[in-house]
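Chemist: When you get a sec, could you give me coordinates for this:
(one chain, ligands or ions: 1)
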Amino acid sequence: MLEIVIDQNLCCGSSRCVDICPEKAITLVNGKAVIDLKMCDLDGICIPACPQGAISFHEGYVGGCGF
Ligand code: SF4
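Modeler: Residues are numbered from 1 along each chain as shown. As a prediction, the model looks like this:
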């Protein structure tokens with residue numbers, strides 16, 4: 001399943017993604033952006049908004065043995 005991932009090591013806490021997300025899915029926690037995947041609708045607006053390139057699409061684990 002596709003999901004948005006924010007690299008905590010790259011995030012500088014600019015909050016640009018927080019401001020731009022129409023779903024209000026991203027919040028700052030201890031100066032780092034954290035995403036609530038239940039609220040995210042995968043539009044990807046936050047990806048180019050990040051000055052650090054910390055946000056990307058990621059193919060998440062869906063369970064099962066992989067065959
Ligand atoms: S992909 Fe869209 S809805 Fe999801 S966190 Fe980014 S801006 Fe918000």
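Chemist: Only C-alpha atoms from now on, for both contacts and neighbour counts.
Modeler: Noted.
Chemist: give me every residue that touches residue 33.
Modeler: Residues near residue 33 by Cα atoms under 8 Å, 6 or more residues apart in numbering: 6, 8, 11, 13, 15, 17, 18, 26, 27.
Chemist: Quick check, residue 57 in contact with residue 4.
Modeler: Yes: applying Cα atoms under 8 Å as the test, residue 57 and residue 4 come out as touching, 4.7 Å apart.
Chemist: Which ones among the contacts of residue 33 map onto helices?
Modeler: With helices defined by DSSP state H, the entries of these inside them are 17, 18.
Chemist: low-scoring stretches of the protein, by residue?
Modeler: For the chain, applying pLDDT under 70 flags the ranges 66-67.
Chemist: where do the strands sit along it?
Modeler: 2-6, 26-29, 32-35, 55-59 (DSSP state E).
Chemist: where do the contact lists of residue 57 and residue 4 overlap?
Modeler: Common contacts of residue 57 and residue 4 (Cα under 8 Å, 6+ apart): residue 44.
Chemist: and these two? which has more neighbours close in?
Modeler: Shown here are residue 57 and residue 4; by other Cα atoms under 10 Å, residue 4 has more neighbours (21 against 13).
Chemist: How about the contacts made by the more buried one?
Modeler: 35, 37, 40, 42, 44, 55, 56, 57, 58.
Chemist: what about the closest residue to the first one other than its chain neighbours, distance to the ligand?
Modeler: Meaning residue 35. Using Cα to Cα, 6 or more residues apart in numbering and skipping residues adjacent in sequence, the residue nearest residue 35 is residue 26, 4.4 Å away. Remark: distance between residue 26 and the ligand (Cα to the nearest ligand atom, to the nearest Å) = 6 Å.
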